[in-house]
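Colleague: From the sequence below, what's the structure:
(2 chains)
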Amino acid sequence: MALKMVKGSIDRMFDKNLQDLVRGIRNHKEDEAKYISQCIDEIKQELKQDNIAVKANAVCKLTYLQMLGYDISWAAFNIIEVMSASKFTFKRIGYLAASQCFHEGTDVIMLTTNQIRKDLSSPNQYDTGVALTGLSCFVTPDLARDLANDIMTLMSHTKPYIRKKAVLIMYKVFLKYPESLRPAFPRLKEKLEDPDPGVQSAAVNVICELARRNPKNYLSLAPLFFKLMTSSTNNWVLIKIIKLFGALTPLEPRLGKKLIEPLTNLIHSTSAMSLLYECVNTVIAVLISLSSGMPNHSASIQLCVQKLRILIEDSDQNLKYLGLLAMSKILKTHPKSVQSHKDLILQCLDDKDESIRLRALDLLYGMVSKKNLMEIVKKLMIHVDKAEGTTYRDELLTKIIDICSQSNYQYITNFEWYISILVELTRLEGTRHGHLIAAQMLDVAIRVKAIRKFAVSQMAMLLDNAHLLASNTQRNGICEVLYAAAWICGEFSEHLEEANQTLEAMLRPKVTTLPGHIQAVYVQNMVKLYASILQQKEQAGDKEAAQEITQLMIERLPQFVQSADLEVQERASCILQLIKYIQKLQAKEVPVAEEVIALFAGELNPVAPKAQKKVPVPEGLDLDAWINEPPSDSESEDEKPKTIFHEEEQRHSRHRQPEIDEEELARRREARKQEQANNPFYIKSSPSPQKRYQDTPGVEHIPVVQIDLSVPLKVPGMPMSDQYVKLEEERRHKQKLEKDKKKKKQKKEKRGKHHRHNSLHTESEEDIAPAHHVDIITEEMPENALPSDEDDKDPNDPYRALDIDLDKPLADSEKLPVQRHRNVETLKSPDSEAALVEKKSKKPKKKEKKHKEKERDKGKKKEKEKKVVEEEEEEEEKKGEDLDFWLSTAPAPAPAPQAQSEPALGAAVVAEPQEVKKEEREERDDEEEEDEGKKSSKHKKKKHKKEKEEKSKDKKKSKKKSHHSEEEPPESVQNGTLEDEPLPPMSSYRLLAENPFIKMTYDIQGNLQNDSQVTVSVIFENKSTSFLKSMELNVLDSLNTKMLRPEGSSVHDGIPVPFQLPPGISNEAQFVFTLQSIIMAQKLKGTLSFIVKNDEGSTHEKLDFKLHFSCASYLITTPCYSDAFAKLLESGDLHMSSIKVDGISISFQHLLAKICFHHHFSVVERVDSCASMYSRSIQGHHVCLLVKKGENSVSIDGKCNDSTLLSNLLDEMKETLSKC
Amino acid sequence: MIKAILIFNNHGKPRLSKFYQRYSEDTQQQIIRETFHLVSKRDENVCNFLEGGLLIGGSDNKLIYRHYATLYFVFCVDSSESELGILDLIQVFVETLDKCFENVCELDLIFHVDKVHNILAEMVMGGMVLETNMNEIVTQIDAQNKLEKSEAGLAGAPARAVSAVKNMNLPEIPRNINIGDISIKVPNLPTFK
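Modeller: Predicted coordinates:
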């Protein structure tokens, strides 16, 4: 046997191995392709052999050839063979080849499933490792689905080497098989706290990658990441986490506030530049998210800018680059702080590194002001001259235009200067951006009326020197500016001083070498020019000159009539006819100018580029429908245009005047020739159009003027933009002097109050008045344009599928497909209540255990076991800190137990927190009764409790926050309005229904994540001495409001309450309702059915109730800063309404607190007995209030997007207040 | 995510290409050519980041590269990666190669591209950074090599002998690409752990 193996390997020795192949290719440099094709033939032979070593060798060579660009997909099956070799050596080769060439389209890939599964469970960790690595490159949806469960098992492998690979590959699995995300997520989360740093890092990596795409689903992990951030020393992990926070902060400003401090500390302490840089980046993101109204963060901005300056000043180009990159992010929100580093950024413009120059250019965009625009552009113009390489120069050019044109030419004070800059830019050779310059010229000339005269003179100059621009038409697009020049000269020809000259320039033969679309514009605008000249001459009574100009047109136009470009030809023919007609009229001495000029009467208004898109499609118009039936395919495409042309020609001739003179004949002849020339099927007699043109009878020969191309690039007479800079300075100086004079006068006149105010602004740039009175016309939009133009999200985005809510409990159907029966503990047992009770079911595993137990010992109560479960659950709860709670600024108290407990335990385990819970509940009851007006009887009892209450006050406060963050709006506390005096205790829980057995109180909270859901928390209190069980809550849905039931159940099914109640115990359950409209209050009828069990037996009971959804319950306490509030009010799209309530005796303080508490508002600002308040509905309505207190009354003015909602809200408020 | 890792020499000859996104072989070659074109015209002493690879990925992506002697190491990454972190990763990669090949040079990469792939697989998996600790990587590679050797056993001996003979007259080209000789400037970065 051994001998055979040795013999086999001796055979193999003479096969080419990878090294031989490489060497061979290097030795066959001239005929590489041929050599390789030979090798591939050999490989094919080798693959046919049975020896796996030979096959592996062949596959190894193929992998190399793949790198050189050879398609090796034909060997896919052989690769799988090698993958399934038993030896690691070969297996590795196989998997490498597969990872290089397998993809979703590889059809044999499905054959690998079982092999991979086998390798994943191999006792050899490297087999598993190599399989995971390979799979990470070629995983398909099918593989992901089939293997997800196996990989998930590996996430808990004993070896960290496997664990980290398994964790990492999960990301790929999620991408291909999004359904696996939710079942696998709990375990992935566990891995964040793996003892092995590599595994931890992998888990962070995966979650960061997931969160980057759909950050909002991962907000709840923020506390965990925060802990990691403050504890980890691994820079890789830190960087990832910090980057993740950068993505999360825009969604949760409170997170940003919490982050600032640790990040600032890191910035100060770390020596790793990479970490420092990411910290700065995230701080910037935080600052952006907080940007409105947080003045006290200027220190952080300063710190960032400072650190970035250090980076930029570093000699290392990489740091310089990154510094500039981050700077540009700050620029967007805090331009002032960046502007102070203008010197540094301008310096970077001179850097030898193009990447850095480009970054610096980006920054310049935000640095310009009216004051320094000219200076900066001047500097850029110098760079333009110096720049080598067209890409950078083009970039400069676009940047100059960007900078100048930004926000509607805001910073341009002198448009003459800008036009001359544009004209100077036309001298750039080889730029691609001719059309950009042209567009700017057109835009400025059209929209700035005052500049037209100057623009026209400049454009005339350009036309005159067109040969300079057109000399290299083929290579570049700068001749595009001629398009603009011609149009401007034509359209605004009344401003032209020497129209004749310009017209002549446009009629030069050289023009015919320009691209067709430019010629077309030339032709069209010649007529405009001609018309205005004609008018001029006629008015001057100079008939001869008028006739001369007509003659000139008639002489020169034919060169365009022959153009190969249809557009040019068509226009030229029409116009030639027109002018010939005019000539006739002129000969009869009829004044024609007025009529000709009437052709071009009226002003053209600029239309916004999106105007067309924004016109709403009228109802009933189907743009996709055929207007006529589509033409049948039988008609040949080639013939169609020809026949149309013929018909037109015929129609044309019919309409023509009967008299046909010689010229007409010539024209026809020419037209025919033209037609022939353009007809590809016609054998041409004359080789070139030039020649034909000279042969044409009836048309005078026009000498072709040779243009001297050695003219210097600087054209005399063209103004230099630099002059303007000087002029501008002088002008500003003068203006300033004048202003100073005026001020002195003012001083004399007023001398007092306003003086100070004025002097403050002397230096501000607003004072720099533009040189001309500039009237920038805004672009027109259609009347009923739609305001928003949201871009639709790409439906093919692979990451969208991963936008999955991870906080929702796992449903029964959600599990990974399993091949064999194992891993039961990771799967959920059927549990219908799961969909309902959000908080509870965050811990699916525990629940499932419970369930199993219940099944096992069916009626028996094994309290011990349950105790264990309960304890575990509590631990869980401690861990699962609520995000809101974590984010609230209150000092962290002992972990708050949640309001659900196992009923059997209420008595059995008398732990401290539960005592507190009880108290709280009792207290709540008191409050409710108080609210109902039964004050007197309970007062004594209350006092008794006061001591206890105070003891547990801190705890309770935080507890409340963790449950319902709106109970005590933190913002109002911040504002300092509520802490002045103690407030009477309040509860938002209202009575739902009551009978001798049970009492239900409820509270409704909006859900910010979902704009159509509210959560109703119901507290059930057992008032009897019996045991209550099998409680089921059912509600009659209305059209608008529906209870969210687990999938598959009908609308008439009730939802079981997930607990039982021993005597005297209360517990809370939550139900989710979906709503469509929230502008009206709603009432839903419902029934609670339950079984009362006592010694005598059990009875079935029912309790009807009415669930009242007030409008206030759709509001969510949202903080609002006063400036944002003011903006909101100014915006003017809010409806207004007001109420007045008399007979108010409570203090304003309490009044506000009541509104805050019961109606979910927050105080924006309070001045004396007047306060502004704000809230937001779950569907995003803004509600603003102005509350004023008079002697004995309160008036409330409200503003809201929706008038119905507002009036309902105010009514509710009125009711609350009238109770006071 | 890392989209691709490319190694090519000063003439644009690919020495290793690893794509973590599917591209056809032709596109892969185009990407290599384009990347080489972009990278090779840059001076030394300019920054190591490049935007504007058109073929691979769009505006979110960056090329981060380092140039060692005759070889360019280019990582194409998206915005979730830290630029300086990736620069460091390249450094770790090259140092690991240096350790595994004992004074690595271009020839090692030419003739043992499979080994380079194996080393890379211990660092980056499916486009995500797997391990950055060089010692850990080297340990795993050594263990795998040992496993391979033990598998080859008796049968492997003759093949090894032949390959040794073949390799004897192999490098006429001087082994001048020793990266150990070239001082590698790492900007103030403590190596990641």
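Colleague: check which helix or strand covers B:Leu6.
Modeller: strand B:2-9 (DSSP states H and E).
Colleague: do B:Ile32 as well
Modeller: With DSSP H and E as criterion, B:Ile32 is part of helix B:25-40.
Colleague: what lines up beside the strand holding B:Leu6 in the sheet?
Modeller: In the sheet containing strand B:2-9, the strands it pairs with under DSSP bridges are strand B:14-19 (antiparallel), strand B:71-77 (antiparallel).
Colleague: Any idea which of those gets closest to A:Asp119?
Modeller: Distance to A:Asp119, taken as CB to CB, is lowest for strand B:14-19 among the strands paired with strand B:2-9, at 20.9 Å. In this view, the C-beta of every residue, glycine as well, is placed from N, C-alpha and C.
Colleague: and for that closest one, what are the contacting residues?
Modeller: A:67-68, A:100, B:3-9, B:28, B:31-32, B:71, B:106, B:109-110, B:113, B:116-117, B:120, B:124 (CB atoms under 8 Å, 6 or more residues apart in numbering or on different chains).
Colleague: what do you get if the cut-off is 6 Å, keeping everything else the same?
Modeller: Defining contact as CB atoms under 6 Å, 6 or more residues apart in numbering or on different chains, one finds that strand B:14-19 is touched by A:67, B:4-8, B:32, B:109, B:113, B:116.
Colleague: I'd like to know the average pLDDT value across that strand.
Modeller: For strand B:14-19, mean pLDDT rounds to 92.
Colleague: likewise stretch B:46-61?
Modeller: Stretch B:46-61 shows a mean pLDDT of 74.
Colleague: what distance separates the start and the end of it?
Modeller: The separation between the terminal residues of stretch B:46-61, taken as CA to CA, to the nearest Å, is 19 Å.
Colleague: Then stretch A:605-615?
Modeller: End-to-end distance of stretch A:605-615 (CA to CA): 17 Å.
Colleague: Run the angle between the helix or strand harbouring A:Cys60 and strand B:14-19 for me.
Modeller: In this structure, A:Cys60 is located in helix A:52-67 according to DSSP H and E. Orientation of helix A:52-67 against strand B:14-19 (axes from the mean of the first three to the mean of the last three CA atoms, to 10 degrees) gives an angle of 90 degrees.
Colleague: Pull out the CA atoms of the next helix or strand after helix A:52-67 and give them to me as CSV.
Modeller: Beyond helix A:52-67 on the C-terminal side, the first helix or strand identified by DSSP H and E is helix A:76-83. As requested, C-alpha coordinates have been extracted for helix A:76-83 and formatted as CSV (Å, rounded to 0.1, in the frame of the first residue of the first chain):
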residue,chain,number,x,y,z
ALA,A,76,-16.6,23.8,-10.7
PHE,A,77,-17.5,20.1,-10.2
ASN,A,78,-13.9,19.1,-9.9
ILE,A,79,-13.4,21.8,-7.3
ILE,A,80,-16.2,20.3,-5.3
GLU,A,81,-14.5,16.9,-5.6
VAL,A,82,-11.3,18.4,-4.1
MET,A,83,-13.3,20.2,-1.4
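Colleague: What's the mean pLDDT across stretch A:443-456?
Modeller: In this model, stretch A:443-456 has an average pLDDT of 86.
Colleague: if you average pLDDT over the helix or strand in which A:Arg182 is found, what comes out?
Modeller: Secondary structure assigned from DSSP H and E places A:Arg182 in helix A:181-190. Confidence for helix A:181-190, expressed as mean pLDDT, is 90.
Colleague: Over to stretch A:137-154?
Modeller: 92.
Colleague: Buried ones in it, by neighbour count?
Modeller: A:137-140, A:143-154 (16 or more other CB atoms under 10 Å in any protein chain shown).
Colleague: Report the separation between B:Asp60 and B:Phe19.
Modeller: 17 Å (CB to CB, to the nearest Å).
Colleague: should've said A:Asp1053
Modeller: According to CB to CB, A:Asp1053 stands 53 Å off from B:Phe19.
Colleague: More neighbours: which of these two?
Modeller: For A:Asp1053 against B:Phe19, the residue with the higher neighbour count under other CB atoms under 10 Å in any protein chain shown is B:Phe19, and the figures read 22 against 14.
Colleague: partners of that one in the sheet?
Modeller: For B:Phe19, the beta-bridge partners are B:Ala4 (DSSP bridges).
Colleague: you'd agree A:Ser274 is up against B:Leu87?
Modeller: No. The pair A:Ser274 / B:Leu87 is not scored as a contact, 8.1 Å apart, by CB atoms under 6 Å.
Colleague: higher neighbour count, these two?
Modeller: A direct count of neighbours by other CB under 10 Å for A:Ser274 and B:Leu87 places A:Ser274 higher, at 26 against 22.
Colleague: got a list of what the more buried one touches?
Modeller: A:Ser274 sits next to B:82, B:84-85 when contact means CB under 6 Å, 6+ apart.
Colleague: of those, list those near chain A.
Modeller: Among the contacts of A:Ser274, the residues within reach of chain A (CB under 6 Å from any CB of the partner chain) are B:82, B:84-85.
Colleague: Of those, which is the most crowded?
Modeller: Most crowded among the ones next to chain A among the contacts of A:Ser274, counting by other CB under 10 Å, is B:Leu84 at 28 neighbours.
Colleague: beta partners for the nearest residue to A:Ser1066 once chain neighbours are set aside?
Modeller: Nearest in space to A:Ser1066, with sequence neighbours left out and distances taken as CB to CB, 6 or more residues apart in numbering or on different chains, is A:Glu1021 at 3.7 Å. Following DSSP bridges, A:Glu1021 is listed with bridge partners A:Lys999, A:Ser1066.
Colleague: Could you check how many residues crowd around A:Glu1021?
Modeller: A:Glu1021 - counted by other CB under 10 Å - has 20 other residues nearby.
Colleague: Is it in contact with A:Lys999, as I believe?
Modeller: Yes. Contact criterion CB under 6 Å: A:Glu1021 and A:Lys999 qualify, at 4.5 Å.
Colleague: Let me know whether the host helix or strand of B:Leu63 sits next to chain A.
Modeller: With secondary structure defined by DSSP H and E, B:Leu63 is part of strand B:62-68. No. Counting by CB under 6 Å from any CB, chain A has no neighbours in strand B:62-68; the shortest distance is 9.2 Å.
Colleague: what's in contact with that strand?
Modeller: By CB under 6 Å, 6+ apart, the surrounding residues in contact with strand B:62-68 are B:39, B:48-51, B:53, B:72-77, B:86, B:90, B:94, B:179.
Colleague: Next, work out how far apart the residue nearest to A:Leu349 when sequence neighbours are not counted and chain B are.
Modeller: Taking CB to CB, 6+ apart as the measure, A:Leu349 lies nearest to A:Ala360, with 5.0 Å between them; neighbours along the chain are not counted. As judged by CB to the nearest CB, to the nearest Å, A:Ala360 and chain B stand 12 Å apart.
Colleague: For A:Ala360, grab the count of nearby residues.
Modeller: Look at A:Ala360: counted by other CB under 10 Å, it has 26 neighbours.
Colleague: Provide the secondary structure category for it.
Modeller: Each residue gets one of three states, and A:Ala360 gets helix by DSSP: H, G, I helix; E, B strand; the rest coil.
Colleague: Please give the element, helix or strand, for the residue lying closest to B:Leu38 once chain neighbours are set aside.
Modeller: Counting by CB to CB, 6+ apart, B:Leu50 is the residue found nearest to B:Leu38 once chain neighbours are left out, at 5.8 Å. Of the helices and strands defined by DSSP H and E, B:Leu50 is found in strand B:49-51.
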